[in-house]
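Asker: Predicted coordinates and the sequence they were generated for:
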Number of protein chains: 2
Amino acid sequence: MARPSVREQLVEGAVECFHLRGFNGTGIQDIARAAGVPKGSVYNHFASKEALAAEVLERYAASRDLARLDDAALAPLPRLRAHFAYLADDLARFSFERGCLFGTFGAELSNQSDMLRGRVESGLAAWTEAVVRVLDEARAAGDLTGPLAPERLGPFLVEAWEGAVLRAKVTRSRDPLDGFFAVLDALTA
Amino acid sequence: MARPSVREQLVEGAVECFHLRGFNGTGIQDIARAAGVPKGSVYNHFASKEALAAEVLERYAASRDLARLDDAALAPLPRLRAHFAYLADDLARFSFERGCLFGTFGAELSNQSDMLRGRVESGLAAWTEAVVRVLDEARAAGDLTGPLAPERLGPFLVEAWEGAVLRAKVTRSRDPLDGFFAVLDALTA
């Protein structure tokens, strides 16, 4: 395999650092160290820490694997559950020390960088739209019969997930995610 | 009214700063400026920024007015709804620029300060216990008949609220809170 470029090493290092310590808790020196490159090289590749964070967010959004939410190989409701199970496994891999980067940046930066606030907003919006589409499919198939319309339930599920992930990080435990799945099952029965 | 003490001014200034810019986004100088006191006086009153943040969290927890969740003047489910409506009004007052301090500190500091992580954890636990008590009361009164037990629904509601508040902050909008209330009503019907 070809050696990753310095730019790629920087993005990967920044993913680690921002995920664990947030934007303001991460210095350029931390990112350079995690990337294994000299500190001076950061500004050769990115105009600012903010620009690097925007790229990290884009990479993070892609890793959410939203395309699978549109993959008709699974019926809509099992597909939705598999999506959140995939995200839960990713958190378990890191012993719940990492939260969701949308959540971490949203909490930390909404009043500090309008650019990054906008990126978080549009990342969450794309995710929510994909969840609503699956719920619409389930509704059309007669699998979702509860009182809540997909356009109400979809955003709520995304937000409830964000809250559960935050609490999993605070308590270092899977319990909040298990609670999310129990309510998901009740709401999509 | 007596002039507030310097210590009190510092705590009030720190509440503002931490709420708007988080822990790592706030410098000691910002807090001193918000408090209208000299920077040097901060360390006369608090051993560290972390110690000041712990006091701010305690103050914030008290402002959640959990006692009203145990006030039998209202029936349990209207009381629970009034509790979240009170929190929503508080966020609207600040145009949704402020999130929940438990959420902000939890997202930002869980891997940075075990002391503050523990304070957030216990603050959320006390709140959750109060919510579960109201749901238990509602269950005993025959007002809560859904499939989810109070000890499952209570934590979920607190987490869903945290996620909705985060998204309200990211989108600068009340919509996520309205969505929360719609689902709350469906889950407690």
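Answerer: Noted; the coordinates are in hand.

Asker: I'd like to know how far residue A:176 sits from residue A:99.
Answerer: 11 Å (CB to CB, to the nearest Å). The way it works is simple: take the backbone N, C-alpha and C, and place the C-beta from them, glycine included.

Asker: list residues touching both of those two?
Answerer: Counting by CB atoms under 8 Å, 6 or more residues apart in numbering or on different chains, the contacts common to residue A:176 and residue A:99 are A:165, A:168.

Asker: Residue A:23 contacts residue A:107, correct?
Answerer: No. Counting by CB atoms under 8 Å, residue A:107 is not a contact partner of residue A:23; they are 10.2 Å apart.

Asker: These two: who's more crowded?
Answerer: Set residue A:23 next to residue A:107 and count neighbours by other CB atoms under 10 Å in any protein chain shown: residue A:107 wins out with 28 against 25.

Asker: State the distance from the more buried one to residue B:158.
Answerer: From residue A:107 to residue B:158 the distance is 16 Å (CB to CB).

Asker: care to break chain A down by domain?
Answerer: With domains defined by automatic domain parsing, chain A comprises A:6-56, A:64-187.

Asker: The longest one: how far from the chain's middle?
Answerer: Right, domain A:64-187. 8 Å (CA atoms, centre = their mean, to the nearest Å).

Asker: And the first one, by the same measure?
Answerer: For domain A:6-56, the gap between its own C-alpha mean and the chain's C-alpha mean amounts to 18 Å (CA atoms, centre = their mean).

Asker: for that domain, how far is the first residue from the last?
Answerer: 15 Å (CA to CA, to the nearest Å).

Asker: same thing with the longest one?
Answerer: Distance across domain A:64-187, first residue to last, is 23 Å (CA to CA).

Asker: Is chain B within reach of stretch A:177-185?
Answerer: Yes. Stretch A:177-185 reaches chain B (CB under 8 Å from any CB of the partner chain) through A:179, A:180, A:182, A:183.

Asker: Now neighbour count too, for the residues you listed, in TSV please.
Answerer: TSV is the format used below for these (neighbours: other CB atoms under 10 Å in any protein chain shown):
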residue	neighbour count
A:179	24
A:180	25
A:182	16
A:183	23
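
Asker: Show me the residues you listed that map onto strands.
Answerer: Among the residues of stretch A:177-185 next to chain B, no residue falls in strands (DSSP state E).

Asker: Name the SS class of residue A:26, please.
Answerer: Secondary structure state of residue A:26, per DSSP: H, G, I helix; E, B strand; the rest coil, is coil.

Asker: show me the contacts for the residue nearest to residue A:69 when sequence neighbours are not counted.
Answerer: Spatial nearest neighbour of residue A:69, chain neighbours left out: residue A:130 (4.3 Å); criterion: CB to CB, 6 or more residues apart in numbering or on different chains. Contact analysis of residue A:130 by CB under 8 Å, 6+ apart lists A:66, A:69, A:70.

Asker: Name the nearest of the residues you listed relative to chain B.
Answerer: Within the contacts of residue A:130, the smallest distance to chain B is 17.3 Å, found for residue A:66 (CB to the nearest CB).

Asker: okay but the closest one is in contact with residue A:126, surely?
Answerer: Yes. Using CB under 8 Å, residue A:66 is in contact with residue A:126, at 6.8 Å.

Asker: So which residue is smack in the middle of chain A?
Answerer: residue A:100 (4.6 Å; CA atoms, centre = their mean).

Asker: Report pLDDT for that residue.
Answerer: Looking at residue A:100, its pLDDT is 96.

Asker: same deal with residue A:38?
Answerer: On the pLDDT scale, residue A:38 gets 93.

Asker: separation between it and residue A:4?
Answerer: 16 Å.

Asker: So which bits of the helix or strand harbouring residue A:118 are buried?
Answerer: For residue A:118, the element it lies in under DSSP states H and E is helix A:114-140. Buried residues in helix A:114-140, defined by neighbour count with 16 or more other CB atoms under 10 Å in any protein chain shown: A:116-117, A:119-121, A:123-124, A:127-128, A:130-139.

Asker: Thought residue A:89 was touching residue A:65, still the case?
Answerer: No. Using CB under 8 Å, residue A:65 and residue A:89 do not qualify as a contacting pair, with a distance of 11.5 Å.
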